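Enquirer: what shape does this take:
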Amino acid sequence: MSSKRDYVIARYTCKGERFEILVKPNLAWAFKQGGNIDLNDILVGEIIYKDATKGLKASEESLIKVFGTTDIYKIAPIILKNGVLQLTSEQRKEMIENKKRQIINLISKCCVDPRTNLPHPPKRIELAMEEVGVQIDPFKDAEEQSLSIIKSLRNVLPLKIANVTLNVKVGAEYAGKVYGFISSFGVIKRSEWLSDGSLLCEIEMPAGLQPSFIEKMNKLCKGNVEINVIR
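Expert: Predicted structure coming up:
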């Protein structure tokens, strides 16, 4: 079993039975929100528990009673989609701190001080975040949060963003699933649904987010995406 820092418990209760699995928190949350994540990347072990803390496994009878199967790869999606993720206060605190560091790093890469055209030091960004009372979501991608945080920081910190505009074409199989994800990275200037069901759109985003955007889009669409820089 991994250390507490590596996993959280996903818990699901149905028909008087309780089921728990050990999962990686960020990936489990992304899956719960509709992300196309491989279960092998989410699960920590292949055991379904009645009480994970005590190491008590769920009985085959209870699994059949509720799920009609004992196959964890059929059961885990139900637990993840319909259950809850159990975080200790220590896990949540650590996840928030790690996410904050990621966000500060992204803002440092995406923005400069317009007076000097140089990046703000990370400590200055952190103090500005504290000043405006930024709330960090430990499950939400750093890239998604950084855009709204930049807007808040502009009230106390001069920031200039270097933007890039991308042309994105997504195959029909994934187009409907990733539209919201695409928009979370910037401003969609135009979008068009093609006759074959694929999506063609133009998005403007901070240049510093481009590498992460391309990497995540390829993963979500399993390579069925074309991304080109317009300007």
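
Enquirer: if we ignore the residues flanking it in sequence, what's nearest Asn117?
Expert: Nearest residue to Asn117 in three dimensions, chain neighbours excluded: Lys160, at 7.8 Å (Cβ to Cβ, 6 or more residues apart in numbering). (Glycine included, C-beta is placed from N, CA and C.)

Enquirer: isn't that neighbour up against Cys110?
Expert: No. Counting by Cβ atoms under 8 Å, Lys160 does not reach Cys110; the two are 9.7 Å apart.

Enquirer: between those two, which is the more surrounded one?
Expert: Cys110 (23 against 13; other Cβ atoms under 10 Å).

Enquirer: and the pLDDT at that one?
Expert: Cys110 carries a pLDDT score of 86 in this model.

Enquirer: Arg5 too?
Expert: Confidence for Arg5, expressed as pLDDT, is 53.

Enquirer: just Ser2 next, same as before
Expert: At Ser2, pLDDT is 43.

Enquirer: one more: Cys14?
Expert: pLDDT at Cys14 comes out at 95.

Enquirer: mind listing what the nearest residue to it once chain neighbours are set aside touches?
Expert: Once flanking residues are discounted, Cys14 sits nearest to Val66: 5.0 Å by Cβ to Cβ, 6+ apart. The contact partners of Val66, taken as Cβ atoms under 8 Å, 6 or more residues apart in numbering, are Cys14, Lys15, Glu17, Phe19.

Enquirer: that's a helix at Ile96, yeah?
Expert: Yes. According to DSSP: H, G, I helix; E, B strand; the rest coil, Ile96 belongs to a helix.

Enquirer: residues contacting it?
Expert: For Ile96, counting by Cβ under 8 Å, 6+ apart, the contacting residues are Ile136, Pro138.

Enquirer: spell out the secondary structure type for Ile203.
Expert: Assignment for Ile203 (three-state DSSP): strand.

Enquirer: thought Ala175 was touching Leu200?
Expert: No. The pair Ala175 / Leu200 is not scored as a contact, 9.2 Å apart, by Cβ under 8 Å.

Enquirer: what residues are shared contacts of those two?
Expert: With Cβ under 8 Å, 6+ apart as the test, Ala175 and Leu200 both reach Trp193.

Enquirer: higher neighbour count, those two?
Expert: The residue with more neighbours, out of Ala175 and Leu200 and counting by other Cβ under 10 Å, is Ala175; that gives 23 against 15.

Enquirer: what does the helix or strand where the more buried one lies contact?
Expert: Ala175 is part of helix 172-183, with elements assigned from DSSP states H and E. Outside helix 172-183, the residues within contact range by Cβ under 8 Å, 6+ apart are 34, 36, 168, 170, 188, 191, 193, 196-199, 201, 203, 216-217, 220-222, 224-225.
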